[in-house]
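S.K.: the sequence and its predicted three-dimensional model are supplied below.
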Amino acid sequence: MSFKKLYFLLALFFVQFAVAQEGIPVYWDYLQDNLYLLHPSMAGASKTGKIRLTARSQWAGVNNAPALQTLNVNSRVGEKIGVGGILYNDRNGYFSQQGAFATFAYHLLLSRNYTDLNQLSFGISGGIVQGKLDETAFGPTNDPIITGGILSDAYFNVDFGMSYNFLDFSAHFTVKNAIPAKRDIFSEDLEPNNQRRYIVSLGYVISPIVSAWSFEPSVLFQATERTGEAAIDGNLKAYYKTDWGRLWGGLSYRRNLDGGEFSSNGETINLQKTQFFTPFIGGSYNEFLVGYTYSYQANDTVLTTGGFHQITLGYNFGETRAPYDCNCPAIN
């Protein structure tokens, strides 16, 4: 196999991986007090406004490996309205996408007082995503599909969902990429117009009596409608409360429910289901937050043994109300 052909096959692999994650990829930053990045219904749900900045890189040592940066802000406006905005840049080999979303959320307090948390929230985000495919590095080729230039297009899409927070329990449901959108860069065979993804997450905070510690087991399920891809996360997070803030850490395990076939010896066909182990740590000091997330892909066949690293920085501002009488870190 010539170097140029190998170069093109690697580029095609990166493109296929990228289009499977249209929009903001669903990673593990939601475990770093960043639920709004995943669920639009959480815009303005907390007692304070929040600014979150993330930077993620993966496959250390691989050129043009995927990298993602996000910036989001959300806050309560008045008694029941939440607003927010998200900017992101996602690069994966020769394919990249940039997006900007604005969010409106409505929070309905179901309890009879402002002490006990019983809140039902609805949210919708709309925004523009621009995708780019850089073919300038492919060189001259007889393939009519390869233009040798930079291809780009933009489209509008919508995310919407709902959240329910009751004392120490939380539940979220979100539909991402709700509108089928035709892109000119790829054909329908390579990138389906329907990129709709469903996300469901549940969590419960367990608090021992008279203790600074608390523990939150949670699960997240996601599925893509058109391709049938599905994965589930099992998470365990521990918190330690201090006078100046909060410390936390935990472990997440993700397993794809669908698998990919591969052959290690040219004859036997094996089925591999992708799985990740993701430890994470973080903490807040007064209004500031910092978190670190590391993911390790635990499969027999991987592109590289290099890990996935992500940093989260945050700032909380504008406290709008007193804390609820519950151990609910995402709200309090």
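M.R.: Now that the structure is in, tell me what you want to look at. Only a predicted model underlies this, so the values are computations on that prediction, with no experimental measurement involved.
S.K.: output the lowest mean pLDDT helix or strand found in this protein.
M.R.: Within the chain, no helix or strand scores below helix 3-19, which has a mean of 40 by mean pLDDT, DSSP states H and E.
S.K.: which element follows that one toward the C-terminus?
M.R.: Downstream of helix 3-19, the first helix or strand assigned by DSSP states H and E is strand 49-58.
S.K.: so for the helix or strand just after that next one, mean pLDDT?
M.R.: Per DSSP H and E, strand 49-58 leads on to strand 67-77 as the next helix or strand towards the C-terminus. Averaged across strand 67-77, the pLDDT comes to 96.
S.K.: go on, stretch 48-61?
M.R.: For stretch 48-61, the per-residue pLDDT averages 89.
S.K.: please apply the same query to stretch 205-213.
M.R.: Mean pLDDT, computed over stretch 205-213, is 88.
S.K.: how about the CA coordinates for it, as CSV?
M.R.: Output of stretch 205-213 as CSV, limited to C-alpha atoms (Å, rounded to 0.1, in the frame of the first residue of the first chain):
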residue,chain,number,x,y,z
VAL,A,205,-27.3,11.8,46.3
ILE,A,206,-26.8,9.7,49.5
SER,A,207,-25.8,11.7,52.6
PRO,A,208,-24.7,9.9,55.8
ILE,A,209,-26.1,11.6,58.9
VAL,A,210,-23.8,14.3,60.4
SER,A,211,-21.0,13.9,57.8
ALA,A,212,-19.3,16.2,55.4
TRP,A,213,-19.3,13.3,52.9
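S.K.: for it, list every residue counted as buried.
M.R.: 205, 207 (16 or more other Cβ atoms under 10 Å). Using the backbone N, CA and C atoms, a C-beta is placed for each residue, glycine as well.
S.K.: same thing with stretch 66-73?
M.R.: Applying 16+ other Cβ under 10 Å to stretch 66-73 flags 66, 68, 70, 71, 72, 73 as buried.
S.K.: what's in contact with it?
M.R.: 14, 17-18, 24-25, 27, 29, 34, 36-37, 49-59, 84-93 (Cβ atoms under 8 Å, 6 or more residues apart in numbering).
S.K.: ok, and the closest non-adjacent residue to residue 311?
M.R.: Nearest residue to residue 311, sequence neighbours excluded (Cβ to Cβ, 6 or more residues apart in numbering): residue 55, at 5.2 Å.
S.K.: you'd agree that neighbour is up against residue 292?
M.R.: No - using Cβ atoms under 8 Å, residue 55 is not in contact with residue 292, being 10.8 Å away.
S.K.: shared neighbours of these two, which are they?
M.R.: Residues touching both residue 55 and residue 292 by Cβ under 8 Å, 6+ apart: 310, 311.
S.K.: so what secondary structure elements neighbour the strand or helix carrying residue 129?
M.R.: If you go by DSSP H and E, residue 129 is part of strand 118-134. Contacts defined by 3 or more Cβ pairs under 8 Å, 6 or more residues apart in numbering; DSSP states H and E place strand 118-134 against strand 81-92, strand 95-109, strand 150-166.
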